[in-house]
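1. predicted structure and sequence below. I'll ask about it afterward.
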Amino acid sequence: MMPAAAFDLELVLSAMRELYPDVRFGKVVMHWLNDEELLEINKAHLDHDYYTDIITFDYSRGSKVSGELFISLDRIEENARDLNCSVNQEKHRVVAHGILHLIGYGDKTQEEQEIMRTKEDEVLKALGL
């Protein structure tokens with residue numbers, strides 16, 4: 001597993017700035033957790049009793065996008081196996097997913113999920129992944 005410290009958030013934000021030039025980014029913080037830690041957050045804050053790969057807390061004010069990303073490394077590893085991609089690529093996809101939520105993209109409906117996946121793929125392409 002790639003250490004969380006090796007992940008370059010600024011690289012993702014730089015790609016996002018290129019793709020979304022009208023978005024002003026403030027502070028975005030990542031927290032790398034395991035399944036059980038993220039499950040506790042999911043239960044406590046969202047009243048959901050299931051594993052997930054990311055929970056995004058949006059602290060944006062006005063047009064400045066800010067927030068916290070709580071990410072399960074366990075889910076990322078499993079997703080990477082299921083999707084037949086590298087753990088590094090999946091980390092970047094999940095972080096992009098969280099930032100896309102901060103920008104305003106949802107994933108509740110099938111249509112939103114399709115749009116989200118397309119946007120994630122655009123970020124991965126911009127990153128050369």
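-> Good, I have the coordinates.
2. mind checking how far Pro21 is from Lys43?
-> Going from Pro21 to Lys43 by C-beta to C-beta, to the nearest Å gives 38 Å. Quick note: C-beta positions are derived from backbone N, CA and C, even for glycine.
3. so those two - more neighbours on which side?
-> Taking other C-beta atoms under 10 Å, Pro21 and Lys43 do not tie; Lys43 has more neighbours (12 against 8).
4. please report how far the more buried one lies from Lys91.
-> Counting by C-beta to C-beta, the gap from Lys43 to Lys91 is 24 Å.
5. now swap in Ser72 and tell me
-> Distance of Ser72 to Lys91, computed by C-beta to C-beta: 11 Å.
6. who touches stretch 43-59?
-> Applying C-beta atoms under 8 Å, 6 or more residues apart in numbering, the contact partners of stretch 43-59 are 26-27, 35, 38-39, 41-42, 66-72, 74-76, 79, 94-95, 97-98, 101-102.
7. repeat for stretch 99-109
-> Contacts to stretch 99-109, defined as C-beta under 8 Å, 6+ apart, come from residues 12-13, 16, 20, 23, 28, 56, 58, 60, 65-67, 69, 97, 112-113, 115-116, 119-120, 123.
8. if we go to 7 Å?
-> With contact meaning C-beta atoms under 7 Å, 6 or more residues apart in numbering, stretch 99-109 is reached by 12, 16, 20, 23, 28, 56, 58, 60, 65, 67, 112-113, 115-116, 119-120.
9. of those residues - the most surrounded one?
-> Met16 (25 neighbours).
10. are we agreed that Val65 is in a strand?
-> Yes. Under DSSP: H, G, I helix; E, B strand; the rest coil, Val65 sits within a strand.
11. that one touches Lys27, doesn't it?
-> No. Counting by C-beta atoms under 7 Å, Val65 stays clear of Lys27, with 9.5 Å between them.
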